[in-house]
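**Student:** Structure for this input, please:
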Amino acid sequence: MSDDAIVLLKDDHRNVRKLFRQFHSAEEPEQRGRLVDKIIEELTVHTYIENEVMYPQVRKLVPDLEQDILESFEEHHVADVLCVELTALAPTDEHYEAKATVLIENVDHHIDEEEGEWFPKVRAALGRKQLQEIGRELQAARERAPRKPTQPSALRKAVDALVG
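**Tutor:** Numbering: from 1, shown residues only. Presented below is the predicted three-dimensional model:
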């Protein structure tokens, strides 16, 4: 297993997109509910490690990506709000599937931007050793990451503290 930060994050993206495809092919509300629970857990861990490790490191080391990072923080905030709202709904609720679909669409857009636009810039700006160091920090953060979403107000305070 690689400890390169970008490789680790792309692996997370691949795993969550697999869950997205399974959600779209699921026919029963209970099955969709189980998949959404897995999606929420994966996204909660992933956004935590990016917010706590990747974004602050890149912000410090690659200042040209400041605006990209601020946008990514906001995209995470939107995803976290949707995750919190989904946890409060039953899979049979009339809004459940629509809300899950909006979450998936937003996260897909976010992944496309990260992988297509700023991951290549980060790789070009940072050396292999730096990406491996960040990757090890990501792995350590994954161990302490929450598995359930936090309330958006608490997340908002944490993001505001990070971005100053």
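
**Student:** and E113, how far is that from I134?
**Tutor:** 19 Å (CB to CB, to the nearest Å). Using the backbone N, CA and C atoms, a C-beta is placed for each residue, glycine as well.

**Student:** neighbour-wise, which of the two wins?
**Tutor:** I134 (24 against 15; other CB atoms under 10 Å).

**Student:** Ramachandran coordinates for the more buried one?
**Tutor:** The phi/psi pair for I134 (degrees, to the nearest 10) reads phi -60, psi -40.

**Student:** burial of the closest residue to it other than its chain neighbours, as a residue count?
**Tutor:** Leaving aside its sequence neighbours, I134 sits nearest to A5 (CB to CB, 6 or more residues apart in numbering; 4.0 Å). The number of residues packed near A5 is 28, by other CB under 10 Å.

**Student:** confidence score at A5?
**Tutor:** pLDDT recorded at A5 is 97.

**Student:** Would you enumerate the residues in contact with it?
**Tutor:** Neighbouring residues of A5 by CB atoms under 8 Å, 6 or more residues apart in numbering: M54, L131, Q132, I134, G135, E137, L138.

**Student:** was I right about the first one contacting I6?
**Tutor:** Pointing back at M54 there. No. M54 lies out of contact with I6 (CB atoms under 8 Å); the separation is 9.0 Å.

**Student:** Centre of the chain to the helix or strand where A79 lies, how far?
**Tutor:** Here A79 sits within helix 66-87, counting by DSSP states H and E. Helix 66-87 has its C-alpha centroid displaced from the chain centroid by 8 Å (CA atoms, centre = their mean, to the nearest Å).

**Student:** What about L138, how many residues nearby?
**Tutor:** L138, neighbours per other CB under 10 Å, totals 24.

**Student:** Test my guess that it contacts L9.
**Tutor:** Yes. L138 lies in contact with L9 (CB under 8 Å); the separation is 7.3 Å.
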